[in-house]
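S.K.: test case, fold it:
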Amino acid sequence: MSTVFSNAASLEAAVGHSLGVTDWLLIEQDRIDQFADATGDHQWIHVDPVRAKEGPFGATVAHGYLTLSLVNYFLPQLMTVENLAMGVNYGCDRIRFPAPVVVGSRIRGSGEVTGVESLANGAVQVVVRVTIEIEGSDRPACVVDTISRYTFA
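M.R.: Residues are numbered from 1 along each chain as shown. Model (predicted):
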């Protein structure tokens with residue numbers, strides 16, 4: 001269930017607090033293949049199940065950047081910001097890929113607001129650390145500090 005924020009003060013009050021976890025998402029070969037087509041990255045560890053079976057992971061694995069891109073899928077499940085004139089993705093910091101996502105794995109996102117900074121015109125810059133967990137794994141697939149800017153109406 002998404003945590004709802006309606007103003008800058010509610011975001012500031014959330015610093016250091018968990019946003020919970022999302023639903024699980026199954027990573028299937030079709031999604032990996034579509035990402036390979038979209039990016040031109042057709043490395044065999046991603047798109048050749050026969051060869052990848054004999055490779056270092058025992059199966060194909062999702063691209064790290066595919067895993068990172070799914071932060072955009074998970075964030076709305078973690079948080080909603082209302083009463084906005086505008087919200088923009090400002091970037092990311094500290095991106096890491098500690099463990100591969102093997103095809104057939106289920107992943108989910110968890111989040112924590114780690115910082116809120118006031119900007120001009122009443123806008124705020126919010127840093128949310130998103131950790132993409134792999135079901136049954138002690139190590140996450142991805143940890144990233146997302147940076148968003150919100151201007152309230």
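S.K.: from now on I want contacts and neighbour counts done on CA atoms only, so please keep to that.
M.R.: OK.
S.K.: helix/strand/coil for residue 138?
M.R.: Secondary structure assignment for residue 138 (DSSP: H, G, I helix; E, B strand; the rest coil): coil.
S.K.: and the helices in this protein?
M.R.: Applying DSSP state H to the chain gives helices spanning 8-13, 29-39, 44-47, 49-53, 64-69, 71-78.
S.K.: residue 107 and residue 28 touch, don't they?
M.R.: No. Between residue 107 and residue 28 there is no contact under C-alpha atoms under 8 Å: 11.1 Å.
S.K.: compare these two (neighbour count), which wins?
M.R.: residue 107 (22 against 16; other C-alpha atoms under 10 Å).
S.K.: tell me how many other residues crowd residue 12.
M.R.: 18.
S.K.: residue contacts, it?
M.R.: Applying C-alpha atoms under 8 Å, 6 or more residues apart in numbering, we find residue 12 in contact with 115, 116.
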